[in-house]
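Q: missing the sequence, but the structure's below:
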């Protein structure tokens with residue numbers, strides 16, 4: 001690899017010395033030299049060694065350059081979890097261009113909105129989803145590129161303040177907002193990441209949505225340390241493919257695992273051999289942290305997209321309390337402030353502000369919103385900025401940060417950042433809806449939505465179904481409400497705002513008040529229905545109910561399997577639940593397993609004891 005300055009004007013003062021590679025490419029070059037034939041990427045469509053990764057990156061970069069891609073050209077990456085996704089990302093960065101990360105599983109309306117807002121001019125995609133408008137966008141299929149490039153990979157040395165990538169997160173206005181992260185921020189993060197010190201070789205798990213910066217976390221963590229990136233699809237479609245092909249969704253022998261606490265809890269039995277476990281994206285329950293810290297290294301990582309992926313971590317190897325979010329990363333700054341931006345004493349709750357070179361440039365095409373969240377850093381000066389996270393924390397005496405919650409209506413559902421206002425505004429787009437309020441259901445793994453119908457609207461069940469379908473058309477899976485109820489009025493606080501805690505209680509009571517077990521024909525079916533009702537947080541009407549028609553998703557399916565194994569002692573598989581998703585079918589499979597094992601019919605839960 002060779003490095004070359006790319007960008008208009010003279011070299012900035014904080015640019016690297018001539019010929020020096022950016023830290024990410026320096027790491028890839030090292031591992032290509034030292035372990036060229038070790039796995040760099042593993043996916044359902046094949047593998048790439050480090051030697052092949054570098055070659056594919058060079059070939060993709062040459063094709064992008066021929067298409068006119070250069071510094072800050074917006075390049076959409078719509079490759080799902082293909083092995084081509086990693087070299088495509090590196091190719092964009094080798095040119096100093098801007099990667100726009102996309103997930104083929106998102107609704108086409110959302111994808112189209114992102115393409116337009118980001119002003120994508122080139123789209124790298126193996127398959128363009130039906131209905132996605134790519135008028136005026138040049139498309140490039142990486143599978144059609146030559147396997148060996150004409151020359152070596154040339155890596156640009158972009159102006160540090162230019163945009164390396166854009167990630168779209170939930171927005172309060174009802175449309176996603178794009179976070180612009182700079183090359184300066186990317187380099188700062190990669191240099192901090194190298195300090196974790198993982199051993200090279202083996203595979204690390206990346207099961208994150210490609211449009212989520214957790215996908216970047218996993219990819220960069222493993223590449224920096226010379227491990228292979230194992231791209232795994234734990235979405236509903238991915239789990240079904242694994243079941244159809246008769247394989248486990250998670251590959252064996254994973255050396256490093258990085259997951260949200262929810263996914264770790266659901267799939268933990270298959271991950272016991274991992275040497276290092278990283279939890280991120282959600283608050284980590286103390287019991288889960290204690291379980292996975294035994295006999296292995298555990299890191300609890302925290303950070304908003306606006307500060308380049310991560311900002312703090314707690315590391316069990318250093319004796320940290322891994323139920324906390326730990327200490328600030330090298331090169332980052334953290335402040336715990338009151339409403340007047342004055343630091344609060346240790347042990348006092350305040351809002352977390354993050355500073356340093358990894359703070360993002362702002363929100364794409366949203367100067368007003370940028371100004372409210374990215375503020376001048378009063379503790380640094382010289383044009384430095386800090387990001388207002390909206391997260392409440394306490395700084396402990398030893399410098400560790402303890403997460404205490406949010407001060408706004410933003411929530412995390414299965415690791416995805418969601419603005420409740422976005423869901424409410426989309427629901428209210430239907431003319432039959434005059435008011436809407438969204439809240440996390442008690443488990444924290446799904447959303448509930450209450451809507452008030454316009455006068456003269458028909459059956460409540462029909463409106464609820466229409467609202468659910470409209471949300472599914474426009475929102476990513478994690479933001480689609482699992483429960484939609486039509487109510488006479490939204491409960492409110494004395495301020496007039498929706499009382500989300502009371503709403504969550506009412507939605508949960510509605511689900512539990514239907515007493516669905518009376519419709520079940522057998523004790524085993526009542527057992528299955530009790531588990532489903534607990535996981536889905538809604539009523540299960542009878543033995544013919546379909547898990548996915550009730551709002552089940554991939555994480556919920558994994559939780560059902562874990563709960564049924566625990567309550568019955570029977571090793572029902574995820575594949576059986578996915579392929580036979582009715583109560584009656586799952587109950588029949590449990591009875592079959594019980595008969596084979598000579599076990600009694602029902603072990604723990606019944607309708608009377610649930």
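A: Great, that's in hand. Note that the structure is a prediction, hence the values are computed from the model and not measured.

Q: any idea what residue 389 is structurally, helix, strand or coil?
A: Under the three-state scheme (DSSP: H, G, I helix; E, B strand; the rest coil), residue 389 adopts strand.

Q: Kindly apply the preceding question to residue 155 instead.
A: strand.

Q: what's the burial count for it?
A: Neighbour count of residue 155, defined by other Cβ atoms under 10 Å: 27. In short, each C-beta sits where N, CA and C put it, glycine included.

Q: Look at it and report its pLDDT.
A: Residue 155 is assigned 92 on the pLDDT scale.

Q: State the distance from it to residue 40.
A: Taking Cβ to Cβ, to the nearest Å as the measure, residue 155 falls 17 Å from residue 40.

Q: Also residue 489?
A: In this view, residue 489 and residue 40 are 57 Å apart by Cβ to Cβ.

Q: Pick out whichever of the two has more residues nearby.
A: residue 40 (28 against 9).

Q: Any regions of the chain where pLDDT drops low?
A: Residues of the chain meeting the criterion pLDDT under 70: 2-19, 147-151, 171-174, 494-496, 509-520, 599-610.

Q: number of nearby residues for the nearest residue in space to residue 329 that is not next to it in sequence?
A: Nearest residue to residue 329, sequence neighbours excluded (Cβ to Cβ, 6 or more residues apart in numbering): residue 192, at 4.2 Å. For residue 192, the neighbour count with other Cβ under 10 Å is 22.

Q: which secondary structure element contains residue 192?
A: Assigned by DSSP states H and E, residue 192 falls within helix 183-193.

Q: What is that helix packed up against?
A: If contacts are counted by 3 or more Cβ pairs under 8 Å, 6 or more residues apart in numbering; DSSP states H and E, helix 183-193 sits against helix 23-34, strand 163-169, helix 213-224.

Q: Pull the residues that contact the second one.
A: For strand 163-169, the surrounding residues in contact (Cβ atoms under 8 Å, 6 or more residues apart in numbering) are 72, 74, 93, 98-101, 114, 117-118, 158, 176-183, 185-186, 211-213, 216, 305, 361, 364, 417.

Q: Which of these fall in helices?
A: Counted as lying in helices by DSSP state H, out of the contacts of strand 163-169, are 93, 114, 117, 118, 183, 185, 186, 213, 216.

Q: JSON lines for these, including neighbour count and distance to residue 142?
A: Shown next, in JSON lines, are these (neighbours: other Cβ atoms under 10 Å; distance: Cβ to Cβ, whole Å):
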{"residue": "93", "neighbour count": "24", "distance to residue 142": "15"}
{"residue": "114", "neighbour count": "24", "distance to residue 142": "20"}
{"residue": "117", "neighbour count": "19", "distance to residue 142": "24"}
{"residue": "118", "neighbour count": "23", "distance to residue 142": "20"}
{"residue": "183", "neighbour count": "24", "distance to residue 142": "23"}
{"residue": "185", "neighbour count": "26", "distance to residue 142": "26"}
{"residue": "186", "neighbour count": "24", "distance to residue 142": "22"}
{"residue": "213", "neighbour count": "25", "distance to residue 142": "22"}
{"residue": "216", "neighbour count": "25", "distance to residue 142": "18"}
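
Q: got TSV for those residues, with distance to residue 473 too?
A: As requested, the ones in helices among the contacts of strand 163-169 are exported to TSV (distance: Cβ to Cβ, whole Å):
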residue	distance to residue 473
93	33
114	15
117	18
118	21
183	36
185	34
186	34
213	25
216	27
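
Q: and which of the residues you listed is nearest to residue 387?
A: The shortest gap between residue 387 and any of the ones in helices among the contacts of strand 163-169 belongs to residue 185, at 10.9 Å (Cβ to Cβ).

Q: Return the residues in contact with the closest one.
A: Contact partners of residue 185, counting by Cβ under 8 Å, 6+ apart, are 164, 307, 308, 357, 358, 359, 360.
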